[in-house]
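J.: need a structure here:
(one chain, ligands or ions: 1)
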Amino acid sequence: MKQQKLLQSGKVKSVYRTDTPGQLIIEFRDDITAFDGGKKDVLADKGRFNAEVSAFFFEYLEKYGVKTHFVKMLDEKRMVVRDLQMIPLEVIVRNFAAGSLVRNYPFKEGTKLNPPIVVIDYKDDSRHDPMLNDEIIGALGLATPAELKKIKKIALEVNSHLVRFLAELDITLVDFKLEFGRGGKTIYVGDEISMDSMRLWDKTTGESLDKDVYRFDKGDVIATYNRVSRRICT
Ligand code: 5GP
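T.: Numbering: from 1, shown residues only. A predicted model of the protein is given here:
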């Protein structure tokens, strides 16, 4: 497979056309950002840890019948994916109150949310990813009611699989964000599932094992990403 023209360069990943119809290459770069790009750095090896964990979870979920864009890894940082028509939604599943939920609503951090809460944000950094509701999604024509129902169902299924898997590693899945795309009439999980898009707490120590280490200067980001990727992938 040959990597061709750069199609899109996001904050931490680049997307390339390939010589295979219907397939793209996503490169996980070493950039790391937080607060809508307000904090940025380049941390060696960060890209490969996120690529490895994303590939691991995509393959894991496929085993349970969840459709994802993952095709294969080309090398440590480059993933071949199905070309999707991406839907500009950030679909967040929350098992425990943390992050923006605690900042914006009177939840106490760490409160268990039973059943889990699905929150959908509009993917638009210039507007700071505002929270949507079903009516706004419909009025903006972002997804049909049937697509939205399917997206929420898949998000909760992914949550059950990831909660169970991570619990066995003594890791609490606090929350995570998914993005979806259309391939024909099928909805696929796209983007990434990594330490950048999940909030993970060590069950024993309570320590953060994700991008909160970077956001809030809690310690050595790369050492954390390295340790958690070893825990997940081996
Ligand atoms: P919060 O709304 O608390 O900031 O984020 C909830 C969860 O979704 C966290 O695990 C966070 O990492 C993820 N998330 C929310 N927005 C984004 C985003 O724009 N990019 C990425 N990579 N993850 C996000």
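J.: burial count for D125?
T.: Using other C-beta atoms under 10 Å, D125 has 12 other residues around it. No exception for glycine: its C-beta is placed from N, CA and C like everyone else's.
J.: for it, which non-adjacent residue is spatially closest?
T.: D36 (4.9 Å; C-beta to C-beta, 6 or more residues apart in numbering).
J.: list the buried residues for the helix or strand A223 falls within?
T.: A223 belongs to helix 221-233 when assigned by DSSP states H and E. The neighbour-count check on helix 221-233 (16 or more other C-beta atoms under 10 Å) flags V221, I222, T224, Y225, V228, S229, R231, I232 as buried.
J.: adding distance to S14, write those out as a markdown table.
T.: Formatted as a markdown table, the buried residues of helix 221-233 follow (distance: C-beta to C-beta, whole Å):
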| residue | distance to S14 |
| --- | --- |
| V221 | 21 |
| I222 | 20 |
| T224 | 24 |
| Y225 | 19 |
| V228 | 24 |
| S229 | 21 |
| R231 | 27 |
| I232 | 24 |
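J.: the ligand next: which of the residues you listed are close?
T.: Residues of those in contact with the ligand (C-beta under 6 Å from any ligand atom): none.
J.: just want the angle from the longest helix along the chain to helix 221-233.
T.: In the chain, with assignment by DSSP state H, the single longest helix is helix 145-168. Inter-element angle recorded for helix 145-168 and helix 221-233: 90 degrees (by axes from the mean of the first three to the mean of the last three C-alpha atoms, to 10 degrees).
J.: now the angle from the next helix or strand after helix 145-168 to helix 145-168?
T.: Moving toward the C-terminus from helix 145-168, the next helix or strand (DSSP H and E) is strand 171-178. For strand 171-178 against helix 145-168, the angle between stretch directions is 160 degrees (the same axes, to 10 degrees).
J.: can you give me the strands for this protein?
T.: All strands of the chain, identified by DSSP state E, fall at 3-9, 13-18, 23-28, 31-34, 39-42, 70-73, 78-82, 85-86, 89-96, 112-122, 171-178, 180-183, 186-189, 198-202.
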